[in-house]
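Student: I would like to see how this sequence folds:
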Amino acid sequence: MINYKTIYFFAPHGEETETICEDLSKLFQRLGISTVDSDQEADIIASIGGDGAFLQAVRRSNFRDDCVYLGIAIDSGKYFYVDFHYQDLQSLEEAFQKDDIDVRNYPALEVRVNDNEPSYCLNEFTLRSSIVRTIKMDVYISNFLFEQFNGDGILVSTPTGSTGYNKSLGGAVVDPLVHAIQVTEMASVNNNTHRTLGTSFLLSKERPLTLLIDKNVDYYPVMSLDNEAMSMRNTEKVELGMSDKLIKTLKLRNNTFWHKAQRNFL
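Tutor: Numbers count the residues shown, from 1 in each chain. A predicted model of the protein is given here:
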């Protein structure tokens, strides 16, 4: 097993998870891994909770690609990013002792709004109008104007994000080993005046996506990164693509993405 020395616990529930963190700290101390007070000092960043807590842990620690992330659930829910459970600490300890864990890389999505510094997300990015009407935007693939979109909005997901909002919109479930982004429409308008592809599509890292929002109407776009809103006024252009960042996660060896997809959907 990789020689991890330090661990940081991201516990968004505060006092509710204080006892849990104490128990986990003792467990990892037995494994020779010390608890630290800063996520920037840690070799392992462990989220306490479900997939939402895991996404927050990655975001709050600034999408570090020089450490590994570990998800520990506090209930019996079925998750995609979280492999371990507080109710079964013995299995967690044995997985480390027996080296029954793998490091898996998940690609992150890079989002740049109006030529500002990039932001990142691990699941998906959404853009829609904040007023009660459809939003119009030009959709460019690389420098090629692919379509002129008119509808409720656009969702761009990573492979690991393909099973959430994207799936509910009729998008495809994508293997995380395929490093691509998926573009999915939200209620597009298709008639004799407006025409879109009408289905989701995949783009490789070599094909960035650009959304140019129609300036004739003040849409005041609402954007989100994973499970958090993105606040920005006067949005005119959004550039998206697969980032060079790979988020490393600790997973059980015999618990692949497709095992989880089967448990959650079949």
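Student: C-alpha coordinates for stretch 32-41, CSV please?
Tutor: Output of stretch 32-41 as CSV, limited to C-alpha atoms (Å, rounded to 0.1, in the frame of the first residue of the first chain):
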residue,chain,number,x,y,z
GLY,A,32,0.1,4.6,11.5
ILE,A,33,-1.7,7.6,10.0
SER,A,34,-2.0,10.8,12.0
THR,A,35,-4.9,13.2,12.0
VAL,A,36,-4.0,16.8,10.9
ASP,A,37,-6.1,20.0,11.3
SER,A,38,-5.6,21.3,7.7
ASP,A,39,-6.6,19.7,4.4
GLN,A,40,-3.5,21.2,2.8
GLU,A,41,-1.2,19.1,5.1
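Student: what comes up buried for stretch 226-236?
Tutor: Within stretch 226-236, the residues scored as buried using 16 or more other C-beta atoms under 10 Å are 226, 230, 235. Yep, even glycine has a C-beta here, placed from its N, CA and C like the rest.
Student: So which elements touch the strand ranked longest in the chain?
Tutor: Among the segments of the chain that qualify as a strand by DSSP state E, the longest is strand 237-252. Contacts defined by 3 or more C-beta pairs under 8 Å, 6 or more residues apart in numbering; DSSP states H and E place strand 237-252 against strand 68-73, strand 101-113, strand 180-188, strand 209-213.
Student: out of those, which comes closest to residue 127?
Tutor: Of all the helices and strands packed on strand 237-252, it is strand 209-213 that lies closest to residue 127, at 6.6 Å by C-beta to C-beta.
Student: what angle separates the closest one from strand 180-188?
Tutor: Angle, strand 209-213 to strand 180-188, by axes from the mean of the first three to the mean of the last three C-alpha atoms, to 10 degrees: 30 degrees.
Student: what comes into contact with strand 209-213?
Tutor: 127, 135-141, 149, 154, 156, 181, 183, 203, 219, 221, 235-241 (C-beta atoms under 8 Å, 6 or more residues apart in numbering).
Student: Neighbouring strands - and their directions - for the longest strand of the chain?
Tutor: Looking at strand 237-252 with DSSP bridges, its partner strands are strand 68-73 (parallel), strand 101-113 (antiparallel), strand 209-213 (antiparallel).
Student: in it, what's buried?
Tutor: Of all the residues in strand 237-252, those buried under the rule 16+ other C-beta under 10 Å are 238, 239, 240, 241, 242, 243, 245, 247, 248, 249, 250, 251.
Student: Would you tell me what the next helix or strand after it is?
Tutor: Later in the chain than strand 237-252, the nearest helix or strand by DSSP states H and E is helix 257-265.
Student: And the average pLDDT for that following helix is what?
Tutor: Average pLDDT, helix 257-265: 92.
Student: so residue 102 touches residue 249, yeah?
Tutor: No: shown here, residue 102 and residue 249 do not form a contact pair, counting by C-beta atoms under 8 Å, at 9.0 Å.
Student: Show me how the record splits the protein into domains.
Tutor: For the chain, the TED database gives the domain ranges 6-102+251-265, 108-244.
Student: starting at the chain centroid, how far to the first one?
Tutor: It refers to domain 6-102+251-265. With C-alpha atoms, centre = their mean, to the nearest Å as the basis, domain 6-102+251-265 stands 16 Å off its chain's centre.
Student: what's the span of it from first residue to last?
Tutor: Its start and end residues considered, domain 6-102+251-265 measures 36 Å (C-alpha to C-alpha, to the nearest Å).
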